[in-house]
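Asks: starting from these lines, generate the structure:
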Amino acid sequence: MVEIPVVIPGGGVVHALVDDRDAALVRTYTWHRTERDGRVCAPLPRLMGKQRQTSLPRLLLGLQKGDEICVLHLDGDKLNCRRKNLKLASRSQVMQAYTRGVGLRGASWSRHNRKWRSQVTQNGKQNHIGYFDTAEEAAKASAEWRKNNMPFSKDARGI
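Replies: Okay, the predicted model is just below:
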């Protein structure tokens, strides 16, 4: 296992983990962590005047721009890029694996309304449930909606 320096927003440095066999390839790039979602990325040479970049896991697994497959970090740590921690997955699988913000299923912060939003996605359709004062209330409303409308969900089965 090798530690690779990664510049973080604000100028600090953290280290990403890669396997020994990938160290030579990875060291040829200058890595940074994105502010928006914490991915480890590096700039690529410009193509027709446009700046491009690649993420560390996509480089390691040989994925190209336009490939519809995504990479899932099994332990959820985007700095752990060892091959045993990376899995090819669909976008839907990746979205299910990561909780955002508070980590409560179905709850997210609405900057526009300045309240917690409750929503559930079913068959690719987003179902807006409502706005709440706390994240816990929003998550509870989402769980109740899933219980009533999704008979095979964990909420309906009591798992």
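
Asks: quick one: the helices in this structure?
Replies: Taking DSSP state H as the test, the helices found in the chain are 23-26, 56-61, 91-97, 135-149, 154-157.

Asks: which secondary structure elements does the first one sit against?
Replies: With contacts defined as 3 or more Cβ pairs under 8 Å, 6 or more residues apart in numbering; DSSP states H and E, helix 23-26 has these neighbours: strand 2-7, helix 56-61. All C-beta spots, glycine's among them, are computed from the backbone N, C-alpha and C.

Asks: of the ones you listed, flag the one that's most buried.
Replies: helix 56-61 (a mean of 21; mean count of other Cβ atoms under 10 Å).

Asks: for the record, mean pLDDT for that one?
Replies: In this model, helix 56-61 has an average pLDDT of 93.

Asks: in CSV: the helices of the chain, plus distance to residue 129.
Replies: Output for the helices of the chain, formatted as CSV (distance: least, Cβ to Cβ, whole Å):
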stretch, distance to residue 129
helix 23-26, 43
helix 56-61, 34
helix 91-97, 18
helix 135-149, 5
helix 154-157, 13
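
Asks: surely residue 26 is in contact with residue 55?
Replies: No. Contact criterion Cβ atoms under 8 Å: residue 26 and residue 55 do not qualify, at 11.7 Å.

Asks: how about low-confidence regions in this structure?
Replies: Within the chain, the stretches with pLDDT under 70 are 92, 95-103, 153-156, 159.

Asks: how distant is stretch 49-69 from the center of its chain?
Replies: 15 Å (Cα atoms, centre = their mean, to the nearest Å).

Asks: residues in contact with that stretch?
Replies: 4, 16, 18, 22, 25-26, 29, 31, 39-46, 71, 73, 81, 83, 86, 88-91 (Cβ atoms under 8 Å, 6 or more residues apart in numbering).

Asks: first-to-last residue distance for it?
Replies: 26 Å (Cα to Cα, to the nearest Å).

Asks: what is the nearest residue to residue 30 once chain neighbours are set aside paired to in the beta sheet?
Replies: Setting aside the residues directly before and after it, residue 30 is nearest to residue 42 in space (Cβ to Cβ, 6 or more residues apart in numbering), at 6.0 Å. For residue 42, the beta-bridge partners are residue 54 (DSSP bridges).
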